[in-house]
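> no sequence for this one, just the structure:
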């Protein structure tokens, strides 16, 4: 494998250049030599020079001025000043004008000279590698930005499509529900038990489809910032009591209890009452659905020092597997075993809960051990810090 020419010495004294050639004869690269600036620039234009070492005192141009020209035309090349007449002024010029990497004084120590050149080569390679990585990362970032823009555009199209289709489905769905209700009322005539059973099933599926459409529209509006929120001061404990009282008959039919442990020290806080009712209703509905024995406890706690209150819906149900815990708030993720959960939700309820709580400036999360129940927590700020959309 042929050697590349990586090192250039520039000195107007040929005996010095000859001595340098002998010193670097066994290096894994070739060296070039020049006796003047023009010859040196010609070599730089043709070879893959990494380090240039220039004498300071030359007839036509000083070493500092030559190295400054090298810096302007080949800024990546490492520049070293080689002189036996170093003074403060020369050092200052070399630093400010040519940005010299090092100074080497004459007469030189061969081992020290080789060590400095070796360090300069490593420095060149390091800078070159950093530049290569930077350009690679820049290209990748540009690709990622382009891909991200495409994904955002696709997401906007998908949201618009979902919203439009959902709106369009509402009208025929309402007509179907009305027709089923009329038939079930017996107005068109008496039906057999089998006919009623079929219509009841159809009615339940129409309601499920209506709930899905409503959830999709709710989530789409919140994600796009189009959902209207009405923030006023409310007593969160009263809201919890109202929702729990409405859900209690449902829990009782399943042989479950609903217990409330509410912190009386919680002050009225800014919130959208209807949206928080929606969150609590969803959490209690899920707790009842996935609890076979025991019951549900709803707790509220004042964390005044952290400027928030905590609400927890805790059940004694089947719990959530560890691998599912982070996914429960994702879209179309349904809790429980598909074989045992029966007919139920849209898989959007917890996603909607998360959007509502985030819009309040809060946070929602789940803690659970599989087979030992679940606790769903959310926090709401006492003083406003909700997100603006």
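Okay, I see it. For clarity, every value in this text was computed on a predicted model and none was experimentally measured. Numbers count the residues shown, from 1 in each chain.
> thought residue 81 was touching residue 99?
No - contact criterion C-beta atoms under 8 Å: residue 81 and residue 99 do not qualify, at 10.7 Å. (Each C-beta comes from the backbone N, C-alpha and C, glycine too.)
> which one of the two has more residues nearby?
residue 81 (26 against 14; other C-beta atoms under 10 Å).
> pull out the buried positions in the host helix or strand of that one.
Taking DSSP states H and E as the criterion, residue 81 maps to strand 78-83. Residues of strand 78-83 classed as buried: 78, 79, 80, 81, 82, 83 (neighbour count, 16 or more other C-beta atoms under 10 Å).
> run the chain-centre distance for it.
The chain centre lies 47 Å from the centre of strand 78-83; the measure is C-alpha atoms, centre = their mean, to the nearest Å.
> can you give the strand pairings for it, parallel or anti for each?
Counting by DSSP bridges, the strands paired with strand 78-83 are strand 51-55 (parallel), strand 102-105 (parallel).
> give me the residues contacting the longest one.
The contact list for strand 51-55, computed with C-beta atoms under 8 Å, 6 or more residues apart in numbering, reads 6-13, 16, 40, 44, 63, 66-67, 70, 77-83, 104, 117, 120-121, 124.
> repeat that for stretch 5-21.
If you take C-beta under 8 Å, 6+ apart as the criterion, stretch 5-21 is touched by 24, 27, 29-37, 40, 43-44, 47-55, 58-59, 63, 66, 82, 106, 117, 121.
> give me the buried entries from these.
Of the contacts of stretch 5-21, these count as buried by 16+ other C-beta under 10 Å: 24, 31-35, 37, 40, 43-44, 49-55, 58, 63, 66, 82, 117, 121.
> which stretches of the stretch 201-350 of the chain form strands?
231-234, 257-262, 269-272, 295-303, 308-315 (DSSP state E, counting those that start in this stretch).
> looking at those strands, which is nearest to residue 210?
Proximity to residue 210 (C-beta to C-beta) singles out strand 269-272 among the strands of the stretch 201-350 of the chain, at 22.8 Å.
> what average pLDDT does that closest one get?
Regarding strand 269-272, the rounded mean pLDDT is 93.
> which strands and helices lie in contact with that strand?
Contacts defined by 3 or more C-beta pairs under 8 Å, 6 or more residues apart in numbering; DSSP states H and E place strand 269-272 against strand 231-234, strand 374-381.
> tell me, how many neighbours does the closest residue to residue 55 other than its chain neighbours end up with?
Nearest residue to residue 55 in three dimensions, chain neighbours excluded: residue 11, at 4.1 Å (C-beta to C-beta, 6 or more residues apart in numbering). Using other C-beta under 10 Å, residue 11 has 25 other residues around it.
> what's the distance between residue 11 and residue 73?
20 Å (C-beta to C-beta, to the nearest Å).
> do the same with residue 141
Counting by C-beta to C-beta - residue 141 and residue 73 are separated by 29 Å.
> swap in residue 245?
For residue 245, the distance to residue 73 - C-beta to C-beta - is 83 Å.
> repeat for residue 246
From residue 246 across to residue 73, the span is 80 Å (C-beta to C-beta).
> tell me the secondary structure for residue 372?
Secondary structure assignment for residue 372 (DSSP: H, G, I helix; E, B strand; the rest coil): coil.
> for it, what are its contacts?
By C-beta under 8 Å, 6+ apart, the contact list for residue 372 reads 316, 319.
> look up phi and psi at it.
phi -130, psi 20 (degrees, to the nearest 10).
> on that earlier part again, pLDDT value on the residue nearest to residue 55, please?
Here the pLDDT value assigned to residue 11 is 92.
> quick check: phi and psi on it?
Main-chain torsions, residue 11, degrees, to the nearest 10: phi -160, psi 140.
> same question for the one 3 residues further on.
Note on residue 14: its backbone torsions stand at phi -60, psi -40 [degrees, to the nearest 10].
> likewise for the one 10 residues further on?
Per-residue torsions, residue 24: phi -110, psi 20 (degrees, to the nearest 10).
> and the closest residue to it other than its chain neighbours, what does it touch?
Closest residue to residue 24 apart from its sequence neighbours, by C-beta to C-beta, 6+ apart: residue 31 at 4.9 Å. Neighbour list for residue 31: 5, 6, 7, 8, 9, 20, 21, 24 [criterion: C-beta under 8 Å, 6+ apart].
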